[in-house]
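okay, sequence plus prediction incoming.
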Protein chains: 2
Amino acid sequence: MSSHFLHDFLRPKSIAIYGANNTFGNTMGTMQLIRIITSGYKGNIFPIHLRLDNVLGYKAYKSIAEVPETPDLVIIVLPPKVVPQVFRECGEKGVKKIILISGGFREVRGDRKNTLTEEITKIANEYGIRFIGPNCFGFFNNWLYPENNSKFNMMVWGDGIERGKFSVASQSGTMSSHLWMDPEYFDLKVGKTISVGNEANIDLVDFLEYFKDDEETDVIGLYIEEIKRGQRFIELAKEITPKKPIIAVYGGGSGAGNRAIMSHTGSIGGNIKIFDAMIHETGIIKTDYVEEFIDISGILSKPTFVYPKGYRLGIITNSGGPGALIANNAERKGLVVPRFSDKLQSKLKRLLPHTASWLNPIDVTFDMNIFNFYINFPKILMKSGEVDAIIMYGAIGFHEMMPRMSEDERIAPYVELREDMKERMDELDKIFITPVIKASQKYGVPIMYVNPQNYASYWSKKIRERGGIVFKFWDRPVNCLAKICQYSEYRRNHSSF
Amino acid sequence: MSSHFLHDFLRPKSIAIYGANNTFGNTMGTMQLIRIITSGYKGNIFPIHLRLDNVLGYKAYKSIAEVPETPDLVIIVLPPKVVPQVFRECGEKGVKKIILISGGFREVRGDRKNTLTEEITKIANEYGIRFIGPNCFGFFNNWLYPENNSKFNMMVWGDGIERGKFSVASQSGTMSSHLWMDPEYFDLKVGKTISVGNEANIDLVDFLEYFKDDEETDVIGLYIEEIKRGQRFIELAKEITPKKPIIAVYGGGSGAGNRAIMSHTGSIGGNIKIFDAMIHETGIIKTDYVEEFIDISGILSKPTFVYPKGYRLGIITNSGGPGALIANNAERKGLVVPRFSDKLQSKLKRLLPHTASWLNPIDVTFDMNIFNFYINFPKILMKSGEVDAIIMYGAIGFHEMMPRMSEDERIAPYVELREDMKERMDELDKIFITPVIKASQKYGVPIMYVNPQNYASYWSKKIRERGGIVFKFWDRPVNCLAKICQYSEYRRNHSSF
């Protein structure tokens, strides 16, 4: 168990909340308390409200002083001008942890000097309070009490998010809470996500420090607009990346981007070149795209994933177009698509129709021997030592088609499956995917499947359940793989093993 | 109605098919005939089979000579060596149109010279036969007989694909048939797609010629590995692009890509620089990514879409992170994110909380006035003349959340909606989306919505039904918009109006 102060910070035994009421959709505080309740939080909840006797079914208190115990964590969603007073009252009560959701601190432009941040910082220091925010969303902890499967969720939509070891610290609320709204999206099993806001007291660097030795964190995601303690950030990142990957999206760089940032968190976005140089030095995986952020994080979070040992890509496809496009994109992105050795070619050739191709890409064309396609070709490539990763296009399931065709009375008599075949249909993932994932781990050659059906389609789900990585089209797996190969090289060069 | 020979080619009144049998999943011919039948083809079907008396419920004939009429179109899925003889028999029968699916013509490598293509070309010329292929998938015509809603589908999965005016000619079977497997994917309503294969007789240029004046085609998609009649292609493309956009994916370029192509269609992939120069000259929208191909085609196929008149992007968001990332990516891709004029700023400022931002991006922050967000801000920007396109992040529907919260007995009493509110919930799209799409058309400023929920979620579907463009994340709409703005400029400069 981590002894870092943030570990306890993210596991509140009881909470008080300022700014929730009984009118749905009206205030952020109400929405957040609803999230906390509906996600099954089991600790005591003490709403603080000047007029209401109860809030969302919980007894409300006029002030924190009246609360019968000292809440472990206090959440504040109030107009900024009253916050210093509330901080002081919390301090008097003995509160040590606060989430300050409210905006309107340093990020507001104008003539008047905004000293609220200084005020609350002074009060916090006086009472020994640590706080996240202001101007944040709070946090989501899927590891609250894993033993009773409880979580603390004040901001993430989608209670079905599975517990994983991907943790996010983000200077954007959206990047820490709205990436998981589509429950069908990829495999991003999440541990903890934190919206750090303006970082007046607790910053990204604190979270890096915490995640470094946190057993519940294997992969780290960051959304960065500004780094306050640059030197410490670099030191920590360098310590972390040989063991745990860090994937970062940077929101600064352009004039308009910096303008957006200035009004967002009040910080100066900084120079993209300096940022990139720093990223390069630390082994952080950088991306400009949120989709790629999710993709790469999802791949690296897979417990079955193995890091490629080089840049050589083997392509297996049942169609020439995707093969050509994968090869092109791979070479553009710095991967290598080697022509297979004569020995390997002759091995493949024996298993393929004469219209097929076996140079790399392997293009099986129409005559599809499904056992070769799914099992033999990947295994042969993995064993060959000639490729470091595999992308397979054409992992298409027949499961949705079969029943539809059986419903067509003209066709049904011909496409009907025998009962024993139907049973096997439900086991195709064990037959076709499981042994390949095992071989992938044995030989250290990752494989990515491409199935143009919906992520939630039967076969895509099955492949994912067996530990496989599935994409709908072939562009993104190539883009991800190129960045993962670079990181993998860094990891090998900086590993102490 | 188009008088081009391909118009009739794609509307067969009756068909004969070689290579289908009664064993499901065994041969391409069987799969294709199943597709034709299940997609509701109403013309006569004559399977040709040496041994079977009937195929998939249709009377089979030993040879084409025995068929009681001359089939309008013949589909051949047979080993290549018998194809010349079959071509000759078809010619004798008076057949004028053939789809030759089989591979194994020029694309096979080896010592022996493969003269099959020359043989069938000679026979075709002798009998006046035109044919698509060899080594292709055939075609899909969603406009077969629109008056009785019939289609001809020998290769596309997903019978629910709505009829549209997006037509594809592709040197890859996959790129003409497997892009529509996820029925929830975007809004790509399809007219016609053709897999042209090796183009021994009918090529991409023929299809460009056909699409140019085809009233059922407004947007053209191409997958290109090689262009046979380069000069004619350029001439045609230049005539077409001022009126109809052409979106092209190029499969050549890299060493491995060319290797894949060589074994795919047997052609030489060509030089990426020459290709790019040609693309630039013709106003074709080029992309390296299949997802972007679908995205851009989907956007341009929307009947409500209007072309941007410049490169200036207005951003509306409820979250700083996406705002910064959209702005950054936009500037990287050649769009401009202008700081709004003082006049426009003061107009926006009056409608926003003091913690918000109104410089561009507009960041409404937490205090979300949904009428301003959805209606007033887009309309103000459209009217201002200061932006040419708008991207809005945060178009998130509450429709999935509401019932879930109502199921939670602790929360239900507080989140219950009045009956009249519920009724309005089903009309939110008419209230929030319809007037904005109308304004978009009036002022000529396109708008794209970003909703991180699933494409098939209630709100995303509703926005799309109202003519809105919806993406799940904000990267791809920016990438698409940048290319669309370039094309729009070309279109303006080359339009005769």
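Yep, that arrived.

pull out the buried positions in the helix with the most length in chain A.
The helix that spans the most residues within chain A, counting by DSSP state H, is helix A:475-494. Residues of helix A:475-494 classed as buried: A:475-491 (neighbour count, 16 or more other C-beta atoms under 10 Å in any protein chain shown). Just so you know, the C-beta spots here come from the backbone N, C-alpha and C atoms, and that holds for glycine as well.

ditto for stretch A:120-128
Of the residues in stretch A:120-128, A:120, A:121, A:123, A:124 count as buried by neighbour count, 16+ other C-beta under 10 Å.

likewise for stretch A:91-103?
So, applying 16+ other C-beta under 10 Å, buried residues of stretch A:91-103: A:91, A:93, A:95, A:96, A:97, A:98, A:99, A:100, A:101, A:102, A:103.

make sure I have this right: the last one is in a helix.
No. When classified by DSSP: H, G, I helix; E, B strand; the rest coil, residue A:103 is found to be coil rather than part of a helix.

a strand runs through residue A:46, doesn't it?
Yes. Secondary structure of residue A:46 (three-state DSSP): part of a strand.

give the bridge partners for it, please.
When assigned by DSSP bridges, residue A:46 has beta-bridge partners residue A:16.

residues near it, how many?
Residues lying near residue A:46 (other C-beta atoms under 10 Å in any protein chain shown) number 20.

compute the distance between it and chain B, please.
15 Å (C-beta to the nearest C-beta, to the nearest Å).

now for that residue: which residues touch it?
A:14, A:15, A:16, A:17, A:58, A:59, A:60, A:61, A:67, A:71 (C-beta atoms under 8 Å, 6 or more residues apart in numbering or on different chains).

how about residue A:106?
Per C-beta under 8 Å, 6+ apart, neighbours of residue A:106: A:114, A:116, A:117, A:198, A:200, A:266.

out of the buried residues of stretch A:120-128, which comes closest to chain B?
Nearest to chain B among these: residue A:120, at 16.0 Å, using C-beta to the nearest C-beta.

am I right that the closest one sits in a helix?
Yes. Counting by three-state DSSP, residue A:120 is located in a helix.

the bottom helix or strand of chain A by mean pLDDT?
Least confident helix or strand, chain A: helix A:255-264 with a mean of 64, by mean pLDDT, DSSP states H and E.

show me the strands in the stretch 201-350 of chain A, by range?
Listed in chain order, the strands of the stretch 201-350 of chain A (DSSP state E, counting those that start in this stretch) span A:219-224, A:246-250, A:285-287, A:313-317.

what residue in the stretch 51-200 of chain A comes nearest to chain B?
Nearest to chain B in the stretch 51-200 of chain A, going by C-beta to the nearest C-beta, is residue A:172, at a distance of 2.4 Å.

can you get me a residue count around that residue?
Residue A:172 has 29 neighbours, counted by other C-beta under 10 Å.

just residue A:194 next, same as before
Other residues close to residue A:194 by other C-beta under 10 Å number 29.

now stretch A:332-341, how far from the centre of its chain.
On the basis of C-alpha atoms, centre = their mean, to the nearest Å, stretch A:332-341 sits 29 Å off its chain's mean C-alpha point.

scratch that, stretch A:7-27 is what I was asking about
Worked out by C-alpha atoms, centre = their mean, stretch A:7-27 lies 24 Å from the chain centre.

over to stretch A:69-83?
Put simply, stretch A:69-83 sits 29 Å off its chain's centre (C-alpha atoms, centre = their mean).

end to end on it, go ahead and measure it.
End-to-end distance for stretch A:69-83, by C-alpha to C-alpha, to the nearest Å: 21 Å.

what about it, average pLDDT?
What stretch A:69-83 shows for mean pLDDT is 96.

need the contact partners of that stretch.
Residues contacting stretch A:69-83 (C-beta under 8 Å, 6+ apart): A:9, A:12-20, A:27-29, A:32, A:43-44, A:46, A:64, A:86, A:90, A:93-95, A:97-105, A:116, A:120, A:134, A:138, A:154.

try it again with 7 Å
For stretch A:69-83, contacts defined as C-beta atoms under 7 Å, 6 or more residues apart in numbering or on different chains pick out A:12-19, A:27-29, A:32, A:46, A:86, A:90, A:93-95, A:97-102, A:104-105, A:116, A:120, A:138, A:154.

could you do stretch A:32-39 as well?
Contacts of stretch A:32-39 (C-beta under 7 Å, 6+ apart): A:17, A:20, A:47, A:56, A:75, A:77, A:138, A:151-155, A:159, B:405, B:408, B:410-411.

how long is stretch A:74-92 end to end?
One end of stretch A:74-92 to the other measures 13 Å (C-alpha to C-alpha).

for it, buried residues please.
Within stretch A:74-92, the residues scored as buried using 16+ other C-beta under 10 Å are A:74-78, A:80, A:83-84, A:86-91.

centre of the chain to that stretch, how far?
The answer for stretch A:74-92 is 32 Å, by C-alpha atoms, centre = their mean.

then residue A:135 would be within a helix, right?
No. Using three-state DSSP, the assignment for residue A:135 is coil, not a helix.

now for it, how many residues are close by?
30.

then residue A:3?
Look at residue A:3: counted by other C-beta under 10 Å, it has 7 neighbours.

need the pLDDT of it.
Confidence for residue A:3, expressed as pLDDT, is 89.

quick one: secondary structure of it?
Criterion first, three-state DSSP; result for residue A:3: coil.

for chain B, what are the nearby residues on the stretch 301-450 of chain A?
A:319-325, A:327-329, A:331-332, A:337, A:339, A:354-355, A:357, A:359-361, A:363, A:365-366, A:401, A:405, A:408, A:410-411, A:414-415 (C-beta under 7 Å from any C-beta of the partner chain).

give me that answer again for 8 Å
By C-beta under 8 Å from any C-beta of the partner chain, the part of the stretch 301-450 of chain A that sits against chain B consists of A:315, A:319-325, A:327-332, A:337, A:339, A:354-355, A:357, A:359-361, A:363, A:365-366, A:393, A:396, A:398, A:401, A:404-405, A:408, A:410-411, A:413-415.

make TSV out of the buried residues of stretch A:74-92 and add secondary structure.
Listed next are these as TSV, based on three-state DSSP:
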residue	secondary structure
A:74	strand
A:75	strand
A:76	strand
A:77	coil
A:78	coil
A:80	helix
A:83	helix
A:84	helix
A:86	helix
A:87	helix
A:88	helix
A:89	helix
A:90	helix
A:91	helix
